[in-house]
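Colleague: fold the following.
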Amino acid sequence: MEDFIDVKVTRRGREVAEGCYKLPVTIGRGEHNSVRIGHSPQDMTISRTHAIIERTAGRLQLVDKSANGTIYRGERIKQGNAVDLGLVDSFEIFDFKVSIGRVKPDPSIPIIFEAHVLVDGYRKGKPFMIGEMLLLCFKSSQGYRFDQVPMQADLHTIFTRRRLDAEYPLAAIASEHGEGLLVTESVPQQPRITVNRKPASQPKQTLRERDVVEIGNIRIEIYPPGEKSLKCSNPACQLLNPYIPHGNCKYCAFALIGAVTRVASGASKAKN
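Modeller: Numbers count the residues shown, from 1 in each chain. Here you go, the predicted model:
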């Protein structure tokens, strides 16, 4: 969760904004900012992009981008200058107080799935843990991109930033009330999305362990954390089954004797 911070903005003791935001976090009057201040009513002393919180060379920094400056620990930061921030810290932009904090894992939220992404049949990167974190899939002219974010993250800011880079939110795999959930969005030139080879016809669809989600040439295999599964060897099926080596595929009844063993990493146990 190092790419995310909690941000709370107050003005004269009243809360203006609060949320979990992905770095870099921009603050200012303009619509493009992660956190908007000074826009209702219009306050021209607040710059369109007044300040940025970003991570540079492993350090969390506050960078002033304004004409009127930002106050940090009683000192005014001038335009273009930066100061290092602590994991829990605050600064002022006129009468707005911005407080930041580290996003802490919540051990009360269980990891329900491991999502393994395969591209053209090859595993891509480490498995994604679904529970406190959700998995986002974006589509662009260059293909597909995956991003994992905390459940409490400000998705509006993430989606806005991605769209500025001509990437569109296509699907999300998340946990809701202890169950898996596939959420799909309509995008230009929509690829075919299936769950266990059947079209995902609803914007929201329940996911269960050992389901297979396919998006174009992307295959996402859903595993119970740390458990083995069997991939059916029938070329027309190739879906996942519980680890019963001498059983039959629950989808096509093909014998699982020649099935391929799929092993979940079990990394979820180490994370909590």
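Colleague: pLDDT of stretch 189-209, averaged?
Modeller: Taken as a whole, stretch 189-209 carries a mean pLDDT of 93.
Colleague: got it, and stretch 92-108?
Modeller: Rounded mean pLDDT across stretch 92-108 is 92.
Colleague: who's in contact with that stretch?
Modeller: 1, 4-12, 16, 20, 27, 35, 37-38, 43, 45-46, 50-51, 53, 66, 68, 70-72, 85, 87-91, 132, 150, 152, 271-272 (Cβ atoms under 8 Å, 6 or more residues apart in numbering). Every C-beta, even on glycine, is put in place using the N, C-alpha and C of the backbone.
Colleague: mind doing that once more with 7 Å?
Modeller: 1, 4-12, 16, 20, 27, 37, 45-46, 50-51, 53, 70-71, 85, 87-91, 132, 150, 272 (Cβ atoms under 7 Å, 6 or more residues apart in numbering).
Colleague: starting at the chain centroid, how far to that stretch?
Modeller: Computed by Cα atoms, centre = their mean, to the nearest Å, the chain-centroid distance of stretch 92-108 equals 19 Å.
Colleague: returning to what we had before: which of the contacts of stretch 92-108 are buried?
Modeller: Among the contacts of stretch 92-108, those buried by neighbour count (16 or more other Cβ atoms under 10 Å) are 1, 4-10, 16, 20, 27, 37, 46, 50-51, 53, 70, 85, 89, 91, 132, 150.
Colleague: just these: which are in strands?
Modeller: Mapping these onto strands (DSSP state E) picks out 4-10, 16, 20, 27, 51, 53, 70, 89, 91, 150.
Colleague: tell me which of these is nearest to Ala166?
Modeller: Within those, the smallest distance to Ala166 is 23.3 Å, found for Phe4 (Cβ to Cβ).
Colleague: who does the closest one bridge with?
Modeller: On the basis of DSSP bridges, Phe4 is bridged to Lys22.
Colleague: the ones in strands among the buried ones among the contacts of stretch 92-108: which two are farthest apart?
Modeller: Thr70 and Pro150 (26.5 Å).
Colleague: could you list the low-pLDDT ranges of this protein?
Modeller: 266-272 (pLDDT under 70).
Colleague: contacts for the longest helix along it next, please.
Modeller: Using DSSP state H to define each element, the chain has its longest helix at helix 155-164. Applying Cβ under 7 Å, 6+ apart, the contact partners of helix 155-164 are 21-22, 34, 138, 149, 169.
Colleague: list the buried ones in that helix?
Modeller: Result for helix 155-164 [16+ other Cβ under 10 Å]: buried residues 155, 157-159, 162.
Colleague: and stretch 243-253, by the same measure?
Modeller: Buried, per 16+ other Cβ under 10 Å, within stretch 243-253: 243, 249, 251.
Colleague: distance check, the second one against Ala200.
Modeller: Cys249 sits 21 Å away from Ala200, going by Cβ to Cβ, to the nearest Å.
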